[in-house]
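>>> predicted structure and sequence below. I'll ask about it afterward.
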Amino acid sequence: MAEPLLQIRNLKIRIQRGNEYGYPVNDISYDLFENETLGVVGESGSGKSMHILAMLGLLPRGLVVESGEILFAGRDLLKMKEKEQRDIRGNEIGVVFQDPMTSLNPVLTIGRQISEVLVRHKRLDWASARNKAKELLELVGIPDAERRMRSFPFQFSGGMRQRVMIAIALACGPRLLIADEATTALDVTIQAQVIDLIRSLKDRFGMSVLWITHDIGVVAGFAETVQVMYAGQIMERGPVRSVFYNTANAYTWSLLKSLPRADQLAEEALYQIPGQPPNPFQLAKGDPFAERNPFATARCFEERPVLRPVGDVDGHQVSAWYDLKARIEETRTRT
Ligand SMILES: Nc1ncnc2c1ncn2[C@@H]1O[C@H](COP(=O)(O)OP(=O)(O)OP(=O)(O)O)[C@@H](O)[C@H]1O
Ligand SMILES: [Mg+2]
């Protein structure tokens, strides 16, 4: 197989509070290949955003990379000078965040904001940049692009602003598109449209996509690979079908179980994961999910598991000491 486009190796991110250390990202390693769509899921606070902010050199104050490597096309982003990092961020990695209203400048027209990226990163003159910006607006499905170029962000709906953010992210033809909760604030229909748009753009431009969401349901029809994170660790990872139908980690199982289903009766309560989400300052010594896991074994409380293969499905890996299917069966026969 080809070299991965992105290789994360033993990444550990630290926060310091007084004399205490916390680890919102606690030793993760994974690969993302050219053309692959990876969905990264997990509850709030699992370290999804922090690990990409580290990649982009945008960690908030007080957070530092303690160790590890983030190789993009073979080069370590963490060892680059700020200018090099900025060039990669503009040209080769496009990013779409959740809230386009705060990412867009309220006093500049949409056309101006897209053009600016092209002038800055692609060194186009303003007239060519403007033409290209209009094409990009058409590409992301904004009707009447010529006129819309002169609009300001507040004149656009949330879904349209998110399309503009995608246009900006795609402006320089990135090899990797990162979307962090890009559709979370949108209503379901618009969310589906934006996902379709990204899927078709991905095919058209042959990009890799790193799709971050707390909603495992969104990933199902969209990504090839899913990666479940909890307490800054990777709990399970693999081809979507295998992870969904041959789930091996209790946390993944809980996320899937808490998804609303079409065949569910209205009065039937949704499964809620018991207990509190983890605190990066008080990480368990064993499996971070052990306390909330109805299938945990004694070993889960003692030792941190490492990723191991699941069955013979290529790329399916789990971090767990137990055999989930067997544990579910045991619990069922006991009650
Ligand atoms: N600005 C900050 N300063 C200090 N700690 C932070 C900051 N932002 C996040 N953290 C810590 O990092 C941990 C991981 O946060 P992160 O933003 O990566 O979670 P996430 O998985 O992206 O969650 P969400 O679904 O809410 O976006 C959080 O539990 C929090 O303790
Ligand atoms: Mg986040």
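Received the coordinates, thanks. Ligands and ions are numbered 1, 2, ... in the order given.

>>> can you give me the neighbour number for residue 71?
Other residues within reach of residue 71, judged by other CB atoms under 10 Å, total 18. Where C-beta positions appear, they are placed from N, C-alpha and C, glycine not excepted.

>>> show the pLDDT at it.
In this prediction, residue 71 carries a pLDDT score of 97.

>>> same thing with residue 269?
The per-residue pLDDT reported for residue 269 equals 69.

>>> also the one 3 residues further on?
pLDDT, residue 272: 82.

>>> next one: residue 124
At residue 124, the model reports a pLDDT of 94.

>>> break down the stretch 101-250 of the chain into its strands, ranges please.
Taking DSSP state E, counting those that start in this stretch, the strands of the stretch 101-250 of the chain run over residues 176-180, 208-213, 225-230, 233-239.

>>> rebuild the ones you listed as a markdown table, extending it with distance to ligand 1.
As requested, the strands of the stretch 101-250 of the chain are exported to a markdown table (distance: least, CB to the nearest ligand atom, whole Å):
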| stretch | distance to ligand 1 |
| --- | --- |
| strand 176-180 | 7 |
| strand 208-213 | 7 |
| strand 225-230 | 7 |
| strand 233-239 | 12 |
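
>>> hey, C-alpha coordinates of stretch 248-258 in PDB?
Taking Å, rounded to 0.1, in the frame of the first residue of the first chain, the C-alpha atoms of stretch 248-258 are listed here in PDB:
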ATOM      1  CA  ALA A 248     -15.500  -5.000  20.000                       C
ATOM      2  CA  ASN A 249     -15.300  -2.100  22.400                       C
ATOM      3  CA  ALA A 250     -17.900  -1.400  25.100                       C
ATOM      4  CA  TYR A 251     -17.600   2.300  24.600                       C
ATOM      5  CA  THR A 252     -18.400   2.000  20.800                       C
ATOM      6  CA  TRP A 253     -21.200  -0.400  21.800                       C
ATOM      7  CA  SER A 254     -22.600   2.300  24.100                       C
ATOM      8  CA  LEU A 255     -22.400   5.000  21.500                       C
ATOM      9  CA  LEU A 256     -24.200   2.800  19.000                       C
ATOM     10  CA  LYS A 257     -26.800   1.800  21.600                       C
ATOM     11  CA  SER A 258     -27.500   5.500  22.400                       C
END
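
>>> buried sites along it?
248, 249, 250, 251, 252, 253, 254, 255, 256 (16 or more other CB atoms under 10 Å).

>>> now, which of those residues sits nearest ligand 1?
Taking CB to the nearest ligand atom as the measure, ligand 1 sits nearest to residue 255 out of the buried residues of stretch 248-258, at 12.3 Å.

>>> which element follows the helix or strand hosting that closest one toward the C-terminus?
Counting by DSSP states H and E, the element that carries residue 255 is helix 250-257. The helix or strand immediately downstream of helix 250-257 is helix 298-302, counting by DSSP H and E.

>>> ligand 1 contacts on this protein?
The chain comes close to ligand 1 at residues 15, 24, 42, 44-50, 60, 62-63, 181, 214, 280, as judged by CB under 6 Å from any ligand atom.

>>> which of the residues you listed are buried?
Among those, those classed as buried by neighbour count (16+ other CB under 10 Å) are 15, 24, 42, 45-50, 63, 181, 214, 280.

>>> in helices, which of the residues you listed appear?
Among those, the members falling in helices (DSSP state H) are 48, 49, 50.

>>> redo the residues you listed as TSV? Include distance to residue 298.
Conversion of these to TSV gives the following (distance: CB to CB, whole Å):
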residue	distance to residue 298
48	30
49	34
50	31
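
>>> distance between the ends of stretch 67-85?
End-to-end distance for stretch 67-85, by CA to CA, to the nearest Å: 18 Å.

>>> kindly state the beta-bridge partners for the most centrally placed residue in the chain.
Among the residues of the chain, the one closest to the centroid is residue 212, at 2.0 Å (CA atoms, centre = their mean). Taking DSSP bridges, one obtains residue 40, residue 180 as the residues bridged to residue 212.

>>> now do the strand or helix carrying residue 22 against strand 208-213, angle only.
With elements taken from DSSP H and E, the one containing residue 22 is strand 20-32. Angle of strand 20-32 versus strand 208-213, following axes from the mean of the first three to the mean of the last three CA atoms, to 10 degrees, is 140 degrees.

>>> what's strand 20-32 in contact with?
By CB atoms under 8 Å, 6 or more residues apart in numbering, the list of residues contacting strand 20-32 from outside reads 4-16, 38, 45, 47, 50-51, 54, 63, 66, 68, 176, 208, 210, 227, 229, 231-234, 237, 279-281, 283.

>>> having no further points to raise, I will conclude here.
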